[in-house]
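Engineer: below: sequence and its predicted model.
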Amino acid sequence: MKILINRKPIDGPWGGGNLLVKAFCSQMIKKGHTVIHKLEDDIDAIMLQDPRPESEGISINEAVQYRVENPKTKIIQRINECDARKNTKNVDSMLLECSKYIDATIFVSEWIKNYHLKNGWLCKNNHVIYNGINFDHFKKRKKKNNGKINIVTHHWSNNVLKGFDVYDMLDEFVNKNKDFSFSYIGRCRGTFKNTNVIKPLFGKNLGRELSKYDVYVSASRFDPGPNHILESLACEIPTYVFKDGGGCVEFAGSDHSYDSFDKLEEILKNRNFKNNNFVLCDWVNCINNFENLILREVCIEDDRKQRN
């Protein structure tokens, strides 16, 4: 197949969407498919990582116009966004409009699928495919063993809804409770006084750093498909998430959620940390799921043409 994905992979630390693009491009090429980023002749499927235009990728409008001229081409939209995620105002309505024109939707979690279905999602061909994990990078390793309970979180985005109100309180908590430490890995906002802030890491370096810690705390709100949770789970760190965390709760489990800092403080002081139960998959299996879906959509069109 010839598949257009409308984002190019970026090297270095970046968000979960870029991890998907990198894995998609490398795995699909290994499987013998042609992966492109610009419109050209004979495209079997267009996968929209983001429907908005960008210098390195086409928009939903360009994809739809191409399909008008090439009716066999399928448009598949991956959804990892909503207004609740970053307190935006027009993402939900834009995605809803896009749902009129796409042939299939891939949501990154059941939570984000249900979120958009409740808003009137128009595409009827909907699927959930979770992001994958590189288990060579993210795995259980030896802990710090410094006599403290070492807490960690990590984010690429520094949007306020990643939970900086809670992280500020954790910063105060470790000042008052010297048998705890808190480390923040990634892009940060504000100034912590008692927190070990580590610059953004990715890949094996991130996995090595994460796996040193005893407990992982996420305060992210309305996060559709949080890679930071998948990465902490792969390192076998007991992971606790805010109750309004969206996909965070789906991955970590409602029994590993808290609804206030008082509840989080209680969890930490009890020290009865338990591992989570979410079943992870690697990037090979993740991209296999994408390939199977795209093949099914393209083959359906081929079958229709043969019958006619």
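Structural biologist: Received the coordinates, thanks.

Engineer: using the three-state scheme, assign residue 241.
Structural biologist: Here residue 241 is strand, with the state taken from DSSP: H, G, I helix; E, B strand; the rest coil.

Engineer: please apply the same query to residue 183.
Structural biologist: Residue 183 carries the three-state label strand when classified by three-state DSSP.

Engineer: run the chain-centre distance for stretch 236-244.
Structural biologist: Relative to its parent chain, stretch 236-244 has a centroid offset of 15 Å by Cα atoms, centre = their mean, to the nearest Å.

Engineer: now the end-to-end length of it.
Structural biologist: Taking Cα to Cα, to the nearest Å as the measure, stretch 236-244 stretches 23 Å from start to finish.

Engineer: can you tell me the average pLDDT over it?
Structural biologist: Stretch 236-244 comes out with an average pLDDT of 98.

Engineer: in that stretch, what's buried?
Structural biologist: Neighbour counts over stretch 236-244 (16 or more other Cβ atoms under 10 Å) mark 237-242, 244 as buried. Backbone N, C-alpha and C define where each C-beta goes, glycine included.

Engineer: any chance of these in JSON lines, with distance to residue 77 too?
Structural biologist: Compiled in JSON lines, the buried residues of stretch 236-244 are given as follows (distance: Cβ to Cβ, whole Å):
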{"residue": "237", "distance to residue 77": "33"}
{"residue": "238", "distance to residue 77": "35"}
{"residue": "239", "distance to residue 77": "29"}
{"residue": "240", "distance to residue 77": "32"}
{"residue": "241", "distance to residue 77": "27"}
{"residue": "242", "distance to residue 77": "28"}
{"residue": "244", "distance to residue 77": "25"}
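
Engineer: list just the nearest of those residues to residue 208.
Structural biologist: Nearest to residue 208 among the buried residues of stretch 236-244 is residue 237, at 13.0 Å by Cβ to Cβ.

Engineer: surely residue 184 touches residue 199?
Structural biologist: No: with the criterion set as Cβ atoms under 8 Å, residue 184 and residue 199 do not qualify as a contacting pair; they are 10.4 Å apart.

Engineer: and these two? Which one has more around it.
Structural biologist: Between residue 184 and residue 199, counted using other Cβ atoms under 10 Å, residue 184 has the larger neighbour count: 20 against 9.

Engineer: how many neighbours does residue 46 have?
Structural biologist: By other Cβ under 10 Å, 27 other residues sit near residue 46.
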